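Engineer: With the input below, show me the fold.
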Amino acid sequence: MNESALFFNTSTLDDWLQEDIGFFDLTSTLLEIGSRPAHIAWVARHSTIAACTEEVARMVLSRGGEPESCLSSGQTAGPEMPLVTARGPARALLDCWKVGQNLLEYACGVAARTRTLVQIADQIGPGVGILTTRKHPPGLRRTAQKAALAGGAFPHRLGLSETILVFPQHRALLPRGWADIREGLARHRRHLVEKKIVIEAADFDEACEAAGCGADVIQFDKAAPDLLAGWCPRLRTRWPGLRLLAAGGIHAGNVAAYAATGVDALVTSSPFSGPPADIGVRITPA
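Structural biologist: Numbering: from 1, shown residues only. Just a heads-up that it's a prediction; the model follows:
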């Protein structure tokens with residue numbers, strides 16, 4: 001199966017194009033250039049990480065163009081390196097021009113920021129994973145997560161039905177708090193053989209409560225690195241199989257400090273915010 005199809009079905013790509021094309025391309029119709037043979041190249045103006053290039057190539061193909069080259073998602077693109085090139089009738093290429101450029105600029109920007117986090121973390125703690133959240137605008141999940149994967153991260157949680165993650169907001173609705181969580185998890189433990197139980201904690205005492213409830217993973221929210229560095233060995237001594245995550249406000253400026261605390265992985269949203277990659281588009285007669 002085409003790897004791209006694992007993320008986006010053809011109807012999604014068609015919808016993206018149709019949103020931009022509308023009824024037809026008024027400019028190319030006016031200039032009577034739609035049937036002329038042409039060549040297009042989406043080019044990285046600066047070094048970046050390729051992401052969602054496969055989707056651009058598929059869009060060109062769907063409009064009647066012929067993709068020539070496509071740098072795979074996850075590959076490094078140097079300055080002036082083509083990400084995708086194609087040829088075909090000018091109308092087909094012009095239809096894909098801006099949609100492809102916008103997709104690449106967002107996705108490559110996310111991938112490049114993700115790769116920076118992964119590289120920094122690897123230098124400090126090679127076993128520390130980078131996990132990306134679902135904190136992005138509705139409708140962007142597939143694009144954002146494919147870009148994060150291209151950068152070397154893995155998704156933290158793709159949706160409510162995927163994992164069990166108990167937040168303080170859930171505890172607030174339980175009359176007896178931790179006692180209700182402990183009893184609820186014990187009652188349903190036999191149903192959870194394929195699931196990890198993750199509980200968020202703000203400090204060491206809450207982490208101990210969570211572990212005592214049967215958590216497989218403790219997710220610390222916005223805990224300072226120096227505090228985490230002290231809590232992690234104490235928790236692992238008492239609960240040797242416990243896994244630990246750090247989340248909240250982790251970015252390129254502090255990822256090294258968090259990677260050195262002893263947690264298993266870092267949960268971050270920061271790759272989704274930042275400037276787009278600078279992608280140029282060159283169209284020439286073929």
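Engineer: I'd like to know the average pLDDT value across the helix or strand hosting Cys96.
Structural biologist: In the assignment (DSSP states H and E), Cys96 maps to helix 90-124. Averaged across helix 90-124, pLDDT comes to 98.
Engineer: Please apply the same query to stretch 238-257.
Structural biologist: For stretch 238-257, the per-residue pLDDT averages 97.
Engineer: Ends of that stretch, what's the gap?
Structural biologist: End-to-end span of stretch 238-257 (C-alpha to C-alpha, to the nearest Å): 24 Å.
Engineer: now do stretch 155-174
Structural biologist: One end of stretch 155-174 sits 29 Å from the other (C-alpha to C-alpha).
Engineer: Check stretch 241-260 too.
Structural biologist: 19 Å.
Engineer: Now find how far off-centre the helix holding Cys96 is within its chain.
Structural biologist: Chain-centre distance of helix 90-124: 11 Å, with C-alpha atoms, centre = their mean, to the nearest Å.
Engineer: strand partners of the helix or strand just after it, parallel vs antiparallel please.
Structural biologist: Per DSSP H and E, the first helix or strand lying C-terminal to helix 90-124 is strand 129-132. Using DSSP bridges, the strands paired with strand 129-132 in its sheet are strand 154-155 (parallel), strand 265-268 (parallel).
Engineer: What's the mean pLDDT across strand 129-132?
Structural biologist: Per-residue scores along strand 129-132 average to 98.
Engineer: Dihedrals phi and psi, Asn254?
Structural biologist: phi -130, psi 0 (degrees, to the nearest 10).
Engineer: Would you mind finding the most buried of the strands paired with strand 129-132?
Structural biologist: Sort the strands paired with strand 129-132 by mean neighbour count, taking mean count of other C-beta atoms under 10 Å, and strand 265-268 sits at the top with a mean of 25. In this view, the C-beta of every residue, glycine as well, is placed from N, C-alpha and C.
Engineer: which residues touch it?
Structural biologist: 117, 121, 128-133, 156, 219, 245-248, 250-251, 255, 258-259 (C-beta atoms under 8 Å, 6 or more residues apart in numbering).
Engineer: buried sites along the helix holding Cys96?
Structural biologist: 90-97, 99-101, 103-118, 120-121 (16 or more other C-beta atoms under 10 Å).
Engineer: From Ser47, how far out is the residue in the chain sticking out farthest from the centre?
Structural biologist: Most distant from the centre of the chain: Glu32, at 41.0 Å, with distances by C-alpha atoms, centre = their mean. Here the criterion is C-beta to C-beta, to the nearest Å. By it, Glu32 lies 39 Å from Ser47.
Engineer: again with Leu158
Structural biologist: Taking C-beta to C-beta, one finds Leu158 at 29 Å from Ser47.
Engineer: residues making contact with the host helix or strand of Ala229?
Structural biologist: Using DSSP H and E, Ala229 maps to helix 225-238. Applying C-beta under 8 Å, 6+ apart, the contact partners of helix 225-238 are 203-204, 207-208, 211, 218, 220, 223, 242, 244, 246, 254, 257-258, 260-263.
Engineer: May I see the buried residues of that helix?
Structural biologist: For helix 225-238, by 16+ other C-beta under 10 Å, it's 225, 228-229, 231-232, 235.
Engineer: So what's the gap between it and the chain middle?
Structural biologist: 28 Å.
Engineer: Check stretch 20-29 too.
Structural biologist: 32 Å.
Engineer: contacts for it?
Structural biologist: In contact with stretch 20-29 (C-beta under 8 Å, 6+ apart) are residues 34, 90-91, 94-95, 98-99.
Engineer: just stretch 246-259 next, same as before
Structural biologist: 113, 116-117, 120-121, 123-125, 128, 130, 133, 200, 219-223, 225, 228, 261, 263, 265-268, 270.
Engineer: list the buried ones in it?
Structural biologist: For stretch 246-259, by 16+ other C-beta under 10 Å, it's 246-248, 250-251, 255, 257-259.
Engineer: can you redo those residues as TSV with secondary structure?
Structural biologist: Supplementary listing: these in TSV, determined by DSSP: H, G, I helix; E, B strand; the rest coil:
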residue	secondary structure
Ala246	strand
Ala247	strand
Gly248	coil
Ile250	coil
His251	coil
Val255	helix
Ala257	helix
Tyr258	helix
Ala259	helix
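Engineer: and stretch 257-276, how far apart are its ends?
Structural biologist: 26 Å.
Engineer: brain fart, stretch 271-281
Structural biologist: Stretch 271-281 has its terminal residues 24 Å apart, counting by C-alpha to C-alpha.
Engineer: picking up where we left off before, reformat the strands paired with strand 129-132 as TSV; add mean pLDDT and distance to Leu17.
Structural biologist: Listed next are the strands paired with strand 129-132 as TSV, based on pLDDT from 0 to 100; distance: least, C-beta to C-beta, whole Å:
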stretch	mean pLDDT	distance to Leu17
strand 154-155	96	27
strand 265-268	98	32
